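> quick check, what structure comes out for this input:
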Amino acid sequence: MSLPMEWESCNQVTVTREALRHNLAQIRRRAGSAGVMAMVKADAYGHGMIETARVCAAEGVEAFGVAELGEAIVLRRAGIAQEIIVLLGLWPENATAFPAHGLTPVLLDATMIAPLAAAAAAAGIVQPLHVKVDAGMGRCGLAPGDIPALLARIAAEPWLRCTGLMAHLPSSEDAAATSTARVRGEFLALLRSLGLAETAGFQRHLANSGGIFHMPGQGLSLVRPGISLYGYHPDGARGTARLRGEGIELRPAMRCATRVIQVKEVGVGAGLGYGHTHVTRRPTTLAVLPIGYDDGYLRDCSNRAQVLLHGCRAPVLGRVSMNSILVDVTDIAGVAVGDEAVVLGRQGDDCVSADELAAWMDTISYEVLCLLGNRNARRYEE
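Presented below is the predicted three-dimensional model:
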């Protein structure tokens, strides 16, 4: 979450609610009859978990997905009434919180059956839970062959009820990945073998953002949009362009801007930043911007990234510092102290996307949004 600030921040993240609504509508177009579990973990990928959940709740999403128990409790205390599914973080010492707050944990194996059953019995509440199938990532859950025995153990507990089965696609960002169809087929086969393929009220969910768009007509009851809810495709700019060709447009919901704190002139041969990794080859006008790796603008942006000033691109010169960068504004007229500089999002007719910024950072759009969104002051607009 954003750090509490008792001072005015130099940097400002703006989240547009209408973009969230628009993206949710695009997701529903592909989801068909399936409900939507909006993924709001990691403080909604930097967009602010509570406000994002309120927007999605008002639009009628069926459930929310979070990583940890604390996130779920925050949502409940904020008035979110939909089912909240906690993907990780069920421990013996916090099992009582699940029936107390009406939350649904995901069981990864049999380890937590006894503590959760005891907590449910003490509360006098039949505790719903989902079970995770490891569909080939080697990460969380059990192999399909181990699921029947786990479900039998859960069924033997009168205070527990399995209400959902889930898996995760390992390569759904790649439209050509053969594993997506294979995993889907194996998951559906498991559901059929368990007699749960069409059970009313039983949640079956597999599709993340890539699966939603690459696997239409999946025949399951929930989809789990994450990055697509915030306006990006998991396959980056290629995926976004592919969707646009199919009549689906995602709108980035986040914009991050800072302000010029100094403008200065340097001559030829001036070394810039730590280590003088850039030496000027011409008389150069520099703008100093108060954003750096402490603010989520990583050192990988050094001598690579660009920001928008007066609607024009200004390249980053030298190494990114903890709280500042230098940009070349020699070819941009009239830059002055206080001018807005956009590091993520649109200014004028140009836009720096999270995909573009991710390429400069050698990472993915997910990390860009989490870094900038969770490290800077955040506000909302319609």
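
> for the rest of this, base every contact and every neighbour count on C-alpha atoms.
Fine.

> where do the helices sit along the stretch 151-300 of the chain?
178-193, 209-214, 236-245 (DSSP state H, counting those that start in this stretch).

> return the most buried member of these.
Most buried of the helices of the stretch 151-300 of the chain, by mean neighbour count (mean count of other CA atoms under 10 Å): helix 209-214, with a mean of 24.

> columns distance to Met322 on top of the helices of the stretch 151-300 of the chain, output as CSV?
Shown next, in CSV, are these (distance: least, CA to CA, whole Å):
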stretch, distance to Met322
helix 178-193, 41
helix 209-214, 33
helix 236-245, 27
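
> distance to Gly271 and mean pLDDT added to those helices, as CSV?
Formatted as CSV, the entries for the helices of the stretch 151-300 of the chain read as follows, by distance: least, CA to CA, whole Å; pLDDT from 0 to 100:
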stretch, distance to Gly271, mean pLDDT
helix 178-193, 50, 90
helix 209-214, 44, 89
helix 236-245, 35, 92
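
> for Cys301, which of the ones you listed is the nearest?
Across the helices of the stretch 151-300 of the chain, Cys301 has its closest neighbour in helix 236-245 (18.0 Å, CA to CA).

> which residues does that closest one contact?
When contacts are taken as CA atoms under 8 Å, 6 or more residues apart in numbering, the neighbours of helix 236-245 outside the stretch itself are 173, 213, 232-233, 249-250, 355, 364-365.

> identify the farthest-apart pair in the residues you listed.
Within the contacts of helix 236-245, Glu249 and Ile364 form the most distant pair, 19.5 Å apart (CA to CA).

> looking at the helices of the stretch 151-300 of the chain, which is nearest to Val266?
Comparison of the helices of the stretch 151-300 of the chain against Val266 by CA to CA identifies helix 236-245 as nearest, at 36.5 Å.

> and the next helix or strand past the helix or strand His22 falls within?
Taking DSSP states H and E as the definition, one finds His22 inside helix 17-31. Stepping forward along the backbone from helix 17-31, the first helix or strand reached (DSSP H and E) is strand 35-39.

> just want the angle from that next one to helix 17-31.
Here strand 35-39 runs at an angle of 140 degrees relative to helix 17-31 (axes from the mean of the first three to the mean of the last three CA atoms, to 10 degrees).

> so what's the gap between strand 35-39 and the chain middle?
13 Å (CA atoms, centre = their mean, to the nearest Å).

> over to the residue nearest the centre of the chain: give its phi and psi.
Centroid-nearest residue in the chain: Tyr45, 3.4 Å away (criterion: CA atoms, centre = their mean). Main-chain torsions, Tyr45, degrees, to the nearest 10: phi 50, psi 40.

> check contacts around it.
For Tyr45, the residues meeting the contact criterion (CA under 8 Å, 6+ apart) are 226-227, 230, 366, 369-370, 373.

> can we see that at 10 Å?
1, 39, 52, 226-227, 229-230, 365-374 (CA atoms under 10 Å, 6 or more residues apart in numbering).
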